[in-house]
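> Here is a sequence with its predicted model. Questions after.
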Amino acid sequence: MDVFTTIGSVLFSILSGGGLVIALSSWLGKLWANRILEDERNKLALLKEKYIKEHNEKFATYKTIIDVISKILADLDQWHLGDMSSEDGKKAFHTFNQDRLRAYGYLGMIAPQSVLDAQDALIDKIILVSRGSEKYDWNEIRTLALKLLNEIRNDVEIDEQKSTISYNGNL
């Protein structure tokens, strides 16, 4: 019986020691996993915050561009209808020129080339019309403006299907 008692004691010691090692290993593994998971959560939170900040800055810049363009287009309409004096037209163009140069700098920092190209095409047309080098054609200007808006929409991922907006009115 002594042999069985000794073997039982040895087995009990090994099994309880092994159980203790397994329990400590499991606890330590969970501790490390939780620390790693927490680090990853913090990194993800920082990335999310950075993405949201950049996205908001993009929206603010694009709103600036739209404000500048909508103001000059309203002025062009007023000028085309003969409701704006030559002096007021010069002031409006000067203001537009200052605003568009500043806005272009902002745009150059955040926008992809496709947005810059669409904006260049519209601005070039507005400048040529303002200088009298080309005739005022609202349909052409509207088409260029919609192209710019669609490029902006693609950049800020407003529409996952990447559909385009269009003018469906009668004018």
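Great, that's in hand. Numbers count the residues shown, from 1 in each chain.
> After the helix or strand hosting residue 78, heading C-terminal, what element do we hit next?
Using DSSP states H and E, the element containing residue 78 is helix 2-80. Next helix or strand after helix 2-80 toward the C-terminus (DSSP H and E): helix 86-110.
> Can you name every helix or strand that that following helix contacts?
Counting contacts by 3 or more Cβ pairs under 8 Å, 6 or more residues apart in numbering; DSSP states H and E, helix 86-110 packs against helix 2-80, helix 113-131. Any C-beta I mention is one placed from the backbone N, CA and C, and that applies to glycine too.
> Distance to residue 90 and mean neighbour count added to the ones you listed, as CSV?
Output for these, formatted as CSV (distance: least, Cβ to Cβ, whole Å; neighbours: other Cβ atoms under 10 Å):
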stretch, distance to residue 90, mean neighbour count
helix 2-80, 10, 12
helix 113-131, 10, 17
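> and the angle from the helix holding residue 78 to helix 86-110?
Orientation check (axes from the mean of the first three to the mean of the last three Cα atoms, to 10 degrees): helix 2-80 against helix 86-110 gives 160 degrees.
> and helix 2-80, what does it pack onto?
Using 3+ Cβ pairs under 8 Å, 6+ apart, helix 2-80 sits against helix 86-110, helix 113-131, helix 138-155.
> Check the offset of the shortest one from the chain's centre.
When you say that, I think you mean helix 138-155. Here helix 138-155 is found 18 Å from its chain centre; the criterion is Cα atoms, centre = their mean, to the nearest Å.
> As PDB, could you dump the C-alpha coordinates of that helix?
Only the C-alpha atoms of helix 138-155 are listed here, as PDB (Å, rounded to 0.1, in the frame of the first residue of the first chain):
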ATOM      1  CA  TRP A 138     -25.600  78.800 -68.600                       C
ATOM      2  CA  ASN A 139     -26.100  75.200 -69.800                       C
ATOM      3  CA  GLU A 140     -22.400  74.800 -70.300                       C
ATOM      4  CA  ILE A 141     -21.500  76.400 -66.900                       C
ATOM      5  CA  ARG A 142     -24.200  74.300 -65.200                       C
ATOM      6  CA  THR A 143     -22.700  71.100 -66.800                       C
ATOM      7  CA  LEU A 144     -19.200  72.100 -65.500                       C
ATOM      8  CA  ALA A 145     -20.600  72.900 -62.000                       C
ATOM      9  CA  LEU A 146     -22.400  69.500 -61.900                       C
ATOM     10  CA  LYS A 147     -19.200  67.700 -62.900                       C
ATOM     11  CA  LEU A 148     -17.400  69.400 -60.000                       C
ATOM     12  CA  LEU A 149     -20.100  68.500 -57.600                       C
ATOM     13  CA  ASN A 150     -20.100  64.900 -58.800                       C
ATOM     14  CA  GLU A 151     -16.300  64.700 -58.300                       C
ATOM     15  CA  ILE A 152     -16.600  66.100 -54.800                       C
ATOM     16  CA  ARG A 153     -19.400  63.600 -54.000                       C
ATOM     17  CA  ASN A 154     -17.100  60.800 -55.200                       C
ATOM     18  CA  ASP A 155     -14.300  62.100 -53.100                       C
END
